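# Here is the input, now give the coordinates:
(one chain, ligands or ions: 1)
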Amino acid sequence: MAGKTQKSKCPVSNKCGGCGYIDLPYEEQLKKKEAYVSGLLKPFCKLEGITGMKNPYNYRNKVSAAFGLDRYKNPISGIYEEKSHRIVPVDSCLLEDKKADEIICTIRSLLKSFKIKVYDENTGYGLLRHVLVRVGKATGEIMVVLVTASPVFPSKQNFCKVLRSKHPEITTIVQDINSRTDSMVLGTSKENVLYGKGYIEDKLCGKTFRISARSFYQINPAQTEVLYTKAIEFAGLSGKETILDAYSGIGTIGMVASDKAKTVVSVELNKDAVKDAIINAKKNEIKNIRFFTADAGEFMEQLAADKEKIDVVFMDPPRNGSDEKFLKSLLTLKPDRIVYISCGPESLARDLKFLTKGGYKVRHAECVDMFPHTEKHVETVVSLSR
Ligand code: SAH
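Below is the predicted model:
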């Protein structure tokens with residue numbers, strides 16, 4: 001946290017809580033993260049280092065801003081104050097893509113003249129709830145998602161036209177209708193494409209990926225390449241393996257690994273992400289990959305029951321890790337190698353305990369700093385074999 005006597009690099013870091021390490025030298029941040037993960041993994045292996053970024057700023061390719069009103073009823077946009085629902089106004093953030101921040105400010109400045117009311121959580125009146133901007137760092141494509149409380153969006157075409165004239169770099173605009181009462185940014189059902197193709201593309205490790213508003217995509221593509229390259233190196237592929245890519249998102253890891261494998265089977269819960277994955281495989285002319293929409297644990301149970309032979313499992317679960325169903329089936333399937341990619345060191349340690357008790361040994365573990373200036377957030381890639 002920012003020192004009390006010295007001015008912080010970020011004026012709102014204390015309120016937002018998103019960059020707890022912003023005032024520490026980057027080298028020191030890396031050391032702290034390394035020591036933290038190293039401590040957690042001590043019972044299983046020696047951590048072999050951490051890879052940081054050359055320029056650890058403005059790396060976020062996805063920026064989301066909440067819209068609300070200040071006490072004078074003027075529209076504000078920014079982030080929720082840590083552990084609260086109060087909006088801290090933010091125009092620019094050291095972690096976020098600069099262009100994305102500029103677009104959000106422009107949108108806010110246009111609201112009045114278009115008579116677009118921001119949504120008021122207390123009364124349920126108003127239209128605009130959030131704006132999400134996604135940037136394809138390698139392609140330059142930009143998607144703007146306007147999250148509205150209802151489908152009725154008067155003068156939307158004109159609004160998009162003016163927004164595009166101010167930011168010609170925007171390649172697509174999507175309206176996402178979110179009438180939920182929880183704090184999730186995006187809705188679950190309706191989406192209207194207001195301009196462009198409704199998705200953007202980005203490039204990772206030489207492959208092209210389609211990203212739609214709701215699919216998961218790593219937020220720091222430069223470090224993602226570092227991470228995937230390490231993960232695939234750890235897998236020691238010869239070209240003969242059958243691979244399972246579990247928690248596959250839009251299919252990135254499996255597709256990058258497909259050149260070095262016989263076949264790839266991918267499983268992911270989010271059906272929009274799987275739709276993107278299938279299109280991505282076609283676009284990249286990858287023929288040795290199949291995708292399944294399912295709970296990874298249930299899918300693994302089925303594979304184990306069918307006595308399928310899997311040589312290498314890549315697993316990249318959400319922060320809270322994998323579940324017992326998945327891990328138990330992993331022990332039944334007995335792949336030669338497991339590559340565990342984790343954004344939650346605590347859950348990683350918990351799952352490694354299970355896998356090492358079940359007969360696996362940790363061979364390598366390295367960290368990649370995907371989220372510079374944040375506290376504790378770090379990716380770890382671990383390889384295990386029997
Ligand atoms: N490997 C991908 C995505 C990792 S994020 C990448 O590198 O981009 C974790 C993914 O797990 C998300 O796409 C999320 O939708 C998915 N997920 C969460 N719970 C799941 C479950 N129970 N079964 C399968 N997938 C799940």
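
# CA only for contacts and neighbour counts going forward, please
Will do.

# Spatially central residue for this protein, please.
For the chain, the residue nearest the mean C-alpha position is Gln218 (3.8 Å; C-alpha atoms, centre = their mean).

# Need the three-state assignment for it.
When classified by DSSP: H, G, I helix; E, B strand; the rest coil, Gln218 comes out as coil.

# Identify the residue nearest it in space, chain neighbours excluded?
Once flanking residues are discounted, Gln218 sits nearest to Thr224: 6.7 Å by C-alpha to C-alpha, 6 or more residues apart in numbering.

# Enumerate every residue touching the one you found.
If you count contacts by C-alpha atoms under 8 Å, 6 or more residues apart in numbering, Thr224 has them with Leu204, Gln218, Met370.

# ok, it to the ligand distance?
Separation of Thr224 from the ligand (C-alpha to the nearest ligand atom, to the nearest Å) stands at 8 Å.

# How far off centre is the helix or strand hosting that residue?
Applying DSSP states H and E as the criterion places Thr224 in helix 221-235. Distance of helix 221-235 from its chain centroid, counting by C-alpha atoms, centre = their mean, to the nearest Å, is 15 Å.

# can you list the residues of this protein near the ligand?
With C-alpha under 6 Å from any ligand atom as the criterion, the chain meets the ligand at residues 216-218, 247-249, 252-253, 268-270, 294-296, 316-318.

# Kindly recompute the last result at 8 Å.
With C-alpha under 8 Å from any ligand atom as the criterion, the chain meets the ligand at residues 215-218, 224, 228, 245-253, 267-270, 273, 293-297, 315-319, 322-323.

# now those: which count as buried?
Taking 16 or more other C-alpha atoms under 10 Å as the criterion, what is buried in those is 215, 217-218, 224, 228, 245-253, 267-270, 273, 293-297, 315-317, 322.

# So which of these are in helices?
Thr224, Tyr228, Thr252, Ile253, Ala273, Ala296, Gly297 (DSSP state H).

# Include distance to Ala138 when you put those into a markdown table, please.
A markdown table is the format used below for these (distance: C-alpha to C-alpha, whole Å):
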| residue | distance to Ala138 |
| --- | --- |
| Thr224 | 13 |
| Tyr228 | 16 |
| Thr252 | 15 |
| Ile253 | 17 |
| Ala273 | 20 |
| Ala296 | 30 |
| Gly297 | 34 |
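
# hmm, back to that, so which of the contacts of Thr224 sits lowest on pLDDT?
Among the contacts of Thr224, Gln218 carries the weakest pLDDT, at 91.

# Quick check: phi and psi on it?
Backbone torsions for Gln218, taken as degrees, to the nearest 10, come to phi -60, psi 140.

# how does the chain divide into domains?
Following automatic domain parsing, one gets these domains for the chain: 26-55+220-385, 62-204.

# Can you give me the neighbour number for Asp174?
You called it Asp, but residue 174 is Val. For Val174, the count of nearby residues is 23 (other C-alpha atoms under 10 Å).

# Wait, it touches Lys190, no?
No: between Val174 and Lys190 there is no contact under C-alpha atoms under 8 Å: 10.5 Å.

# Sketch out the low-pLDDT regions of this structure for me.
Low-confidence segments of the chain (pLDDT under 70): 1-5.

# All the helices of it, in order from the start?
Going by DSSP H, the chain shows helices at 13-16, 26-41, 98-110, 156-166, 221-235, 252-258, 271-283, 296-305, 324-333, 345-357.

# Arrange those in a markdown table, one row each, with distance to Ile79 as further columns.
Output for the helices of the chain, formatted as a markdown table (distance: least, C-alpha to C-alpha, whole Å):
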| stretch | distance to Ile79 |
| --- | --- |
| helix 13-16 | 7 |
| helix 26-41 | 23 |
| helix 98-110 | 12 |
| helix 156-166 | 22 |
| helix 221-235 | 22 |
| helix 252-258 | 29 |
| helix 271-283 | 26 |
| helix 296-305 | 32 |
| helix 324-333 | 35 |
| helix 345-357 | 25 |
